[in-house]
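Q: need a 3D model of the sequence below.
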Amino acid sequence: MSAEQPQLGLEMQMMNDKNWILASNTAGKAIVVRGVALAMLTCLPLAGVASAEFFNDVKIPMRDGVNLAGDLYLPTNRAEKIGCFMSFSPYKATGGERPWSADRAEEWGVATLAVDCRGCCHSEGVFEPWEGRLVDDAEDLLKWIAAQPWSNGRVVTVGGSYPGNTQLACLRSGNPALVACAPSVITFNPYSINYAPGGVLIPEFFQKWHSGFGSPESWEELTRHSDRNDPYWVSRCDLRNLSAAKGRALYQAGWFDMLGTDTFESFALMPEGSFLRVGPWSHGVNTFDKPEIDYSKVEGAAVTEDMENELLRSALEGRASETAKLPGKMQIFVMGANVWRYENEWPLRRTEYRKLYFGEGRALSFDAPKGAPGEDSFKYDPANPVPTKGGRIILNGGQFSQAEIEARADVLSYTADVLDEDLEVTGNVMASIVAKSTAGIADVAVKLVDVYPDGTPYNVLDSICRGAFAADAPTKLDFRVDITSYVFRKGHRIRVEIAGSNSPHYEKAKDAATTRLVRGESHLVLPTIPAASK
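A: Sure thing, here's the model as predicted:
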């Protein structure tokens, strides 16, 4: 019993090693119930109940006989039928002495339910990250809530990262009980979370996470499936009944979030009335880590929970959200200019796609090169890879000086002339790289860089692509580097780094290689936004 629970003069107290039940007196204090079987919930008095009730470790049956565990809180002075505010998480959602989000329950007049994912904390079964069965569990959970005697059939959800994934599973179930959700820093495509273009594994964070919450064996299994079309990923990326979903979403993401490369593709799949917000964050809304370009010091870069609360509460109350009145259905933070801007589509219709060519003398230019294409070579040594510094990574994400990286002999740096006006890049940055390599399988890492007037180069975005090479024949690699909204300011210069690795963020290629970039045939495509149209 927590310190907040007074000496109640209890009418009933039952205790054993694992389960105990406390019921309040008539003074309107909270009832706390631990170890409650599912059947007990059907006996609750409903109409006119003045006291709050907390049910800990409720057993919620799934279709295969496994029971998930949930902590349920019913608020003071509730109506006979109320909505439910839910969190579905692998991160020890249950077992606390206090109910989850009781303040919202009391203010909104709804139930709150915190549920452990299958195989986590108090739930039965085995946790397998990203598995398609999560959609079945989400649907069974929504059905269970809707069938409870206290429920009016309306459910909203909240959470970021994997608790965001469980919300996407609720959407994918198509169950009508879900009327709104607020997933953040997650996408519908777990393949893009774990693999870069060409099947390059992203092990830096996920190996420890996956092995810790799943098992080392399940991680090893994941590493054996590098093809997006492999049945392993087809089942995990299956949208199931998403097209039937009606629950609107407030979807939030970060330009430096490790899980965010498919943000806009995911938003395009969400139900009508959904709203997207993308900030200068790492793995979490208002998460800035500690980069050298620190957006946490920029006024307005951090947001409040007001929009999230309004969208969820309005859905529980059966009314339209105020987000429908906003100037656009998405809001993006334009880095460099450091302003929020509303938009209605992605890519932006006013985009002008400009090719940025690699030139002789390590130059970059929007003008196509003349004459025969030349070549620049870079070496790759798996024992001495180019280190990761910033970017889309967890804990140390964001923009850092790349000066030490560019000083290495195995990194090519191509630099454009000083900009005589601001240049906004908003959209999908694409790469078309033609290269030759001494290795049969080799990687080409690409990084877009902003060179400040003092000469300091700060990373903007990056990716890597793995290709197959034969003898001295050229191989063309076409891939998306990343997404962004970024202004290169007047007086700055654009730079592109080319290397054979970016480790430990991306998996290292096995074999040493000397790779040659074919300059005149290689370029990036920048989605630029004309100044007059902003």
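
Q: please report how far the nearest residue to Ser314 once chain neighbours are set aside lies from Ala182.
A: Distances taken as CB to CB, 6 or more residues apart in numbering place Ser321 nearest to Ser314, at 4.7 Å, with adjacent residues excluded. C-beta here means a position set from N, CA and C on the backbone, and glycine is covered the same way. Ser321 sits 11 Å away from Ala182, taking CB to CB, to the nearest Å as the criterion.

Q: next one: Asn286
A: Noted for Asn286: a distance of 14 Å to Ala182, by CB to CB.

Q: more neighbours, the two?
A: Ala182 (24 against 16; other CB atoms under 10 Å).

Q: my read: that one touches Asn309, true?
A: No - contact criterion CB atoms under 8 Å: Ala182 and Asn309 do not qualify, at 9.1 Å.

Q: which residues of the stretch 351-500 of the chain fall in strands?
A: Counting by DSSP state E, counting those that start in this stretch, the segments of the stretch 351-500 of the chain that form strands are 352-359, 363-365, 375-380, 411-415, 423-437, 441-451, 457-468, 475-488, 493-499.

Q: show me where pLDDT drops low in this protein?
A: 1-50, 533-534 (pLDDT under 70).

Q: can I get the strands of the stretch 351-500 of the chain in JSON lines with distance to Leu142 and mean neighbour count?
A: Shown next, in JSON lines, are those (distance: least, CB to CB, whole Å; neighbours: other CB atoms under 10 Å):
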{"stretch": "strand 352-359", "distance to Leu142": "42", "mean neighbour count": "17"}
{"stretch": "strand 363-365", "distance to Leu142": "52", "mean neighbour count": "16"}
{"stretch": "strand 375-380", "distance to Leu142": "49", "mean neighbour count": "18"}
{"stretch": "strand 411-415", "distance to Leu142": "50", "mean neighbour count": "21"}
{"stretch": "strand 423-437", "distance to Leu142": "34", "mean neighbour count": "22"}
{"stretch": "strand 441-451", "distance to Leu142": "42", "mean neighbour count": "25"}
{"stretch": "strand 457-468", "distance to Leu142": "36", "mean neighbour count": "22"}
{"stretch": "strand 475-488", "distance to Leu142": "31", "mean neighbour count": "20"}
{"stretch": "strand 493-499", "distance to Leu142": "47", "mean neighbour count": "23"}
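
Q: could you redo these as a markdown table and give each row distance to Lys508?
A: As requested, the strands of the stretch 351-500 of the chain are exported to a markdown table (distance: least, CB to CB, whole Å):
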| stretch | distance to Lys508 |
| --- | --- |
| strand 352-359 | 24 |
| strand 363-365 | 27 |
| strand 375-380 | 9 |
| strand 411-415 | 15 |
| strand 423-437 | 15 |
| strand 441-451 | 8 |
| strand 457-468 | 10 |
| strand 475-488 | 17 |
| strand 493-499 | 12 |
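
Q: and those: which comes nearest Glu305?
A: strand 475-488 (22.9 Å; CB to CB).

Q: shared neighbours of Ser321 and Ala182, anything?
A: Residues touching both Ser321 and Ala182 (CB atoms under 8 Å, 6 or more residues apart in numbering) are Leu311.

Q: identify the bridge partners of the residue nearest to Ser377 when sequence neighbours are not counted.
A: Excluding the flanking residues, the one nearest Ser377 by CB to CB, 6+ apart is Arg516, at 4.5 Å. Beta-bridge pairing of Arg516 under DSSP bridges involves Ser377, Lys436.

Q: distance of Arg516 from Ser89?
A: Computed as CB to CB, the Arg516 to Ser89 distance reads 48 Å.

Q: do the same with Ile332
A: 28 Å.

Q: again, but for Thr223
A: Separation of Thr223 from Ser89 (CB to CB): 25 Å.

Q: more neighbours, these two?
A: Each of Thr223 and Ser89 has its neighbours counted (other CB under 10 Å); Ser89 has more, 24 against 14.

Q: in space, what's closest to the more buried one - neighbours in sequence excluded?
A: Counting by CB to CB, 6+ apart, the residue nearest Ser89 is Pro163, at 4.2 Å.

Q: got it, and Leu259?
A: Ile193 (5.0 Å).

Q: I'd guessed that neighbour sits against Phe206; true?
A: Yes - in terms of CB under 8 Å, Ile193 counts as a neighbour of Phe206; the distance is 7.4 Å.

Q: where do the contact lists of those two overlap?
A: Contacts common to Ile193 and Phe206, judged by CB under 8 Å, 6+ apart, are absent.

Q: tell me who's in contact with the residue nearest to Ser314.
A: 180, 248, 273, 275, 310-311, 314-315.

Q: now list the buried members of those residues.
A: Among those, those classed as buried by 16 or more other CB atoms under 10 Å are 180, 248, 273, 275, 311, 314-315.

Q: now those in a markdown table, with secondary structure and distance to Glu352?
A: Listed next are the buried ones among the contacts of Ser321 as a markdown table, based on DSSP: H, G, I helix; E, B strand; the rest coil; distance: CB to CB, whole Å:
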| residue | secondary structure | distance to Glu352 |
| --- | --- | --- |
| Ala180 | strand | 37 |
| Arg248 | strand | 33 |
| Gly273 | coil | 31 |
| Phe275 | strand | 27 |
| Leu311 | helix | 34 |
| Ser314 | helix | 38 |
| Ala315 | helix | 39 |
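
Q: what is the nearest of these to Lys355?
A: So of the buried ones among the contacts of Ser321, ranked by how close each gets to Lys355 (CB to CB), first place is Phe275, at 33.5 Å.

Q: what pairs with Asp443 across the strands?
A: Here Asp443, judged by DSSP bridges, has bridge partners Arg466.

Q: contacting residues for it?
A: Counting by CB under 8 Å, 6+ apart, Asp443 has contacts 198, 200, 380, 464-467, 500-501, 506, 509.

Q: try it again at 6 Å.
A: 464, 466, 500, 509 (CB atoms under 6 Å, 6 or more residues apart in numbering).

Q: cool, and Pro385?
A: By CB under 6 Å, 6+ apart, the contact set of Pro385 is 501, 503, 508.

Q: can you select the buried ones from those residues in ChimeraX?
A: Here is the ChimeraX command that selects the buried residues among the contacts of Pro385 (16+ other CB under 10 Å):
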select :501,503,508
